[in-house]
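A.B. asks: fold the following and give me the result.
(2 chains)
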2 protein chains.
Amino acid sequence: MAGINQNYKKLAAGYLFPEIARRTKEFQKKYPDRELKRLGIGNTTEALTPAIVEGLIKGVNNLADPSTYSGYGDEQGNTTLRRVLSEYYNSKGITLSPDDFFISDGAKPDSSNIQSIFSPDSVIAIQDPAYPVYVDSNVISGRTGEYSSIIGEYDGLIYMPCTEENNFFPDIPDKKVDLIYLCSPNNPTGAVATHKQLAGFVKYARENKSVIIFDAAYSEYISDLSLPKSIFEIEGAKECALEINSLSKFAGFTGVRLGWTVVPEELIVEGTKPGEVRDMWNRRQCTFFNGASNIVQEGALAVFSEEGLKESGNLVNYYMENAKIIMKGVTSIGITAYGGVNAPYVWIKTPGGISSWDFFDKLLSETGVIGTPGSGFGPGGEGYFRLSAFGHREDIEAAVNSIKKDLKI
Amino acid sequence: MAGINQNYKKLAAGYLFPEIARRTKEFQKKYPDRELKRLGIGNTTEALTPAIVEGLIKGVNNLADPSTYSGYGDEQGNTTLRRVLSEYYNSKGITLSPDDFFISDGAKPDSSNIQSIFSPDSVIAIQDPAYPVYVDSNVISGRTGEYSSIIGEYDGLIYMPCTEENNFFPDIPDKKVDLIYLCSPNNPTGAVATHKQLAGFVKYARENKSVIIFDAAYSEYISDLSLPKSIFEIEGAKECALEINSLSKFAGFTGVRLGWTVVPEELIVEGTKPGEVRDMWNRRQCTFFNGASNIVQEGALAVFSEEGLKESGNLVNYYMENAKIIMKGVTSIGITAYGGVNAPYVWIKTPGGISSWDFFDKLLSETGVIGTPGSGFGPGGEGYFRLSAFGHREDIEAAVNSIKKDLKI
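C.D. replies: Residues are numbered from 1 along each chain as shown, chains lettered A, B, ... in the order given. So this is what the prediction gives:
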């Protein structure tokens, strides 16, 4: 008699974004004439740049010609792309072998799947607030107890508070944990860890034989050169960390789909020799994945061309200019805001200390602007609200003007 | 102290195809002048057809223009593509809602991930031989005991023998099982289940409240109109089956990556109401996946255009003509062969009853032809060997000629 994976029942409510969509739809039904301004989901809006379009077209044309057609690629990704990625890291002073890179269809699948190579009884530590996928993938895989709607936490999960006091980067855990999810630049807070902060976690992980799962999906948004873009800039990180990244936010690949995970040969856990954890991720990918699209991988190669890097840099600058506009606008009316400098997210404190969802409804009804309630990212996000800098300039400006003009604070 | 998922250690040897690659490389090193003829991996070789190339180019161009650019798509897939797929099934007399379709990056990820929504203590039944992914994904997820290298089986897994006696389609299990993996047309045997045979399984599944996971990745290779292309042609299947399919073999998308899984609203398991299993797969995809590439989905839409279907049909015919050439060639020298009529695989009995791997070495050394040892698909494949019909016509002909001329039987 077939039964379901009961862990699904533990999942708290629906995923954040469907709930936003539901409330938005309800609002639209009620006020069909009101214009909506979306600063919610961190979704890219600008066209792919010319060099990258050319790469993708080349990818398609390769398949149109029997002499260049390719079928299944390596599950680990195109050999050239893995080499190019390792060279890109090398150019920033990080020595990694092409064999340490595993190309995938995105950072979300990798972030959610990576837990599967680790012990089912691993103790998980997450930043609070955090990208919901880290939590949900571990809930579904049975590494948590039940959800308490009173405290908004899953039993057995270690929440590392990210607060104004610690500049939204957590202190190291005060107990032993096995897997630590860190995201810097952070979604949703926009905070970026310093070298010193990351070094603290690397030291902790080495002492406690934990593994840091480092999500660097927004690393290209760091403009302050003193801040680390990769965990591997920290000495000793290769023995205790793996890193996930993607072209979604760097090159507008949110819908195109390409990411990668770096599992250094040096990474070890309890009972393994160097290379064995990497072999396991390799085996996982070979069993559950069949490679990223060969068309998309051609596009990714174009991103790392001289022209592609320049164009992608301009794209990042465009969104960061948006972030500046949002920061300037919301702070001009007295709202306290964080992030938005080395990250495409502005993390605002709800005026008057109202709840995140109440502020969602207030902002929507008063200004037509849709943002993301901080509490959707964990209990530590309560009282905060995320505004995304992804959008057309004119839409960002219109949203900021509405907030300045119509928000009652 | 982080540890690994110990289930990985249960996995028997490496994945089949890496071992083939290793032996091939060794052979090439020893005989650098010998020409290799690959009938091993079932990998498409012919160029994408014009209508589909046009669709993919349109997909790229959409992203090059800010007015048609799209970022994240729905995790379930493009609404139009889901509708088109449901209409395609409807045109064959199968009524399914677009909401029953979940677009993915391929049948392999779906085949391996689908187990995750079911209970961890589910009893699994697989055809023997079978596509290794069904077994390996369940081993990694802890639904089996240890592997016995003596009998070549995992403890706790129910093997349903596919033999000459039952025309390579298994009898229904003689005990209660929870999840049943069926693949028809079958990889590796090329056998196709009849309506009556599938109806037997549907009856069993309904009586025992089991779920059939039906892999229809080769359904478009069925030319005999009396044979079912979908499990949903069987009355009552929607309550007890889900189906996985892909464009890999139909339209040459092996490297492009697009598949889908049909989870009918009607599907129920122990303790669920209609719609709940479908909701779980939806939740799984929303957490672990971020949608198939929007470029690739445009290509998929083109496959289901009038021109695309015609061209894809021609592609299938091309490979099936290859299968005929292989069948004719091997049987002409007295080899017993199965499949190859409604499936792109020819399943040959090793001459003289030698082992599958011995035949691999013999075939390679005598003829330069690379095939796939049947034992790589499970103990029931021992003494058999798979030849794939995917290849350029001239290569297929050269391989068959070598076999006819040089194989010592």
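
A.B. asks: how about A:F304, what does it touch?
C.D. replies: A:84-85, A:88 (CB atoms under 8 Å, 6 or more residues apart in numbering or on different chains). Just so you know, the C-beta spots here come from the backbone N, C-alpha and C atoms, and that holds for glycine as well.

A.B. asks: go with 10 Å
C.D. replies: Going by CB atoms under 10 Å, 6 or more residues apart in numbering or on different chains, A:F304 touches A:55, A:80-81, A:84-85, A:87-88, A:247, A:251, A:312.

A.B. asks: which one of the residues you listed is nearest chain B?
C.D. replies: Using CB to the nearest CB, A:G55 comes nearest to chain B of the contacts of A:F304, at 9.4 Å.

A.B. asks: coming back round to it: greatest separation within the contacts of A:F304: which pair is it?
C.D. replies: A:T80 and A:S312 (18.3 Å; CB to CB).

A.B. asks: of these two, who's got more company?
C.D. replies: The neighbour comparison of A:T80 against A:S312 (other CB atoms under 10 Å in any protein chain shown) goes to A:S312, with 25 against 13.

A.B. asks: that one touches A:Y221, doesn't it?
C.D. replies: No - counting by CB atoms under 10 Å, A:S312 does not reach A:Y221; the two are 11.3 Å apart.

A.B. asks: now do stretch A:32-51: distance from first to last residue.
C.D. replies: End-to-end distance for stretch A:32-51, by CA to CA, to the nearest Å: 40 Å.

A.B. asks: how far away from the center of its chain is that stretch?
C.D. replies: 18 Å (CA atoms, centre = their mean, to the nearest Å).

A.B. asks: that one - what's its average pLDDT?
C.D. replies: Stretch A:32-51 shows a mean pLDDT of 94.

A.B. asks: do that stretch and chain B come into contact?
C.D. replies: Yes - Stretch A:32-51 reaches chain B (CB under 10 Å from any CB of the partner chain) through A:41-50.

A.B. asks: averaged pLDDT, the host helix or strand of A:A302. What do you get?
C.D. replies: In the assignment (DSSP states H and E), A:A302 maps to helix A:294-303. Across helix A:294-303, the average pLDDT comes to 98.

A.B. asks: elements contacting that helix?
C.D. replies: Other elements packing on helix A:294-303 under the criterion 3 or more CB pairs under 10 Å, 6 or more residues apart in numbering or on different chains; DSSP states H and E are helix A:50-64, helix A:79-91, strand A:101-104, helix A:248-251, helix A:306-332, helix B:50-64, helix B:294-303.

A.B. asks: how about 7 Å then?
C.D. replies: Secondary-structure packing of helix A:294-303 (3 or more CB pairs under 7 Å, 6 or more residues apart in numbering or on different chains; DSSP states H and E): helix A:50-64, helix A:79-91.

A.B. asks: what's the most buried one of the ones you listed?
C.D. replies: Of all the helices and strands packed on helix A:294-303, helix A:50-64 has the most neighbours on average by mean count of other CB atoms under 10 Å in any protein chain shown, namely a mean of 21.

A.B. asks: for chain A, give me the ranges with low pLDDT.
C.D. replies: Across chain A, the ranges flagged by pLDDT under 70 are A:13-15.

A.B. asks: domain assignment for it?
C.D. replies: A:6-47+A:308-406, A:52-305 (automatic domain parsing).

A.B. asks: A:I326 reaches A:A389, doesn't it?
C.D. replies: Yes - A:I326 lies in contact with A:A389 (CB atoms under 7 Å); the separation is 6.0 Å.

A.B. asks: between those two, what contacts are shared?
C.D. replies: A:340, A:346 (CB atoms under 7 Å, 6 or more residues apart in numbering or on different chains).

A.B. asks: which bits of the stretch 51-200 of chain A sit near chain B?
C.D. replies: A:53, A:56-57, A:60, A:63-66, A:69-73, A:105-106, A:108-109, A:112-113, A:116-120, A:122, A:133, A:136-137, A:140, A:178-179 (CB under 7 Å from any CB of the partner chain).

A.B. asks: one step back: which ones among the residues of stretch A:32-51 next to chain B map onto helices?
C.D. replies: A:P50 (DSSP state H).

A.B. asks: all helices for chain A, in order.
C.D. replies: Counting by DSSP H, the helices of chain A are A:16-30, A:50-64, A:79-91, A:107-113, A:132-140, A:195-208, A:248-251, A:276-288, A:294-303, A:306-332, A:356-367, A:393-406.

A.B. asks: for the second one, packing partners?
C.D. replies: To tie it back to what came earlier, the one meant is helix A:50-64. helix A:294-303, helix A:306-332, helix B:50-64.

A.B. asks: one more: the fourth one?
C.D. replies: The contact analysis (3+ CB pairs under 7 Å, 6+ apart) places helix A:107-113 against helix A:132-140, strand A:241-246, strand A:259-262, helix B:276-288.

A.B. asks: pick the most buried one from the ones you listed.
C.D. replies: Among the helices and strands packed on helix A:107-113, strand A:241-246 has the highest mean neighbour count (mean count of other CB under 10 Å), at a mean of 27.

A.B. asks: could you check the angle helix A:79-91 makes with that strand?
C.D. replies: Strand A:241-246 runs at 110 degrees relative to helix A:79-91, counting by axes from the mean of the first three to the mean of the last three CA atoms, to 10 degrees.

A.B. asks: can you dump the C-alpha atoms of strand A:241-246 in PDB for me?
C.D. replies: Taking Å, rounded to 0.1, in the frame of the first residue of the first chain, the C-alpha atoms of strand A:241-246 are listed here in PDB:
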ATOM      1  CA  ALA A 241      33.100  24.300   2.500                       C
ATOM      2  CA  LEU A 242      31.400  23.900  -0.800                       C
ATOM      3  CA  GLU A 243      30.000  26.800  -2.800                       C
ATOM      4  CA  ILE A 244      26.900  27.300  -5.000                       C
ATOM      5  CA  ASN A 245      26.600  30.000  -7.600                       C
ATOM      6  CA  SER A 246      24.600  30.800 -10.700                       C
END
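
A.B. asks: how far does it sit from the chain's center?
C.D. replies: With CA atoms, centre = their mean, you get 10 Å for strand A:241-246.

A.B. asks: tell me what it is packed against?
C.D. replies: If you count contacts as 3+ CB pairs under 7 Å, 6+ apart, strand A:241-246 packs onto helix A:107-113, strand A:211-215, strand A:259-262.

A.B. asks: in its sheet, what does the last one sit against?
C.D. replies: When sheet partners are counted by DSSP bridges, strand A:259-262 sits next to strand A:101-104 (antiparallel), strand A:241-246 (antiparallel).

A.B. asks: contacts for the longest one, please.
C.D. replies: This means strand A:241-246. Residues outside strand A:241-246 that contact it (CB under 7 Å, 6+ apart) are A:106-107, A:110-111, A:202, A:205, A:211-217, A:219, A:230-232, A:253, A:258-263, A:267.

A.B. asks: next: the shortest one.
C.D. replies: Residues outside strand A:101-104 that contact it (CB under 7 Å, 6+ apart): A:76-78, A:81-82, A:85-86, A:110, A:258-263, A:281, A:285, A:289, A:292, A:297.

A.B. asks: how long is stretch A:261-269 from one end to the other?
C.D. replies: End residues of stretch A:261-269 are separated by 17 Å (CA to CA).

A.B. asks: chain center to that stretch: distance?
C.D. replies: Relative to the centre of its chain, stretch A:261-269 is centred 20 Å away, using CA atoms, centre = their mean.
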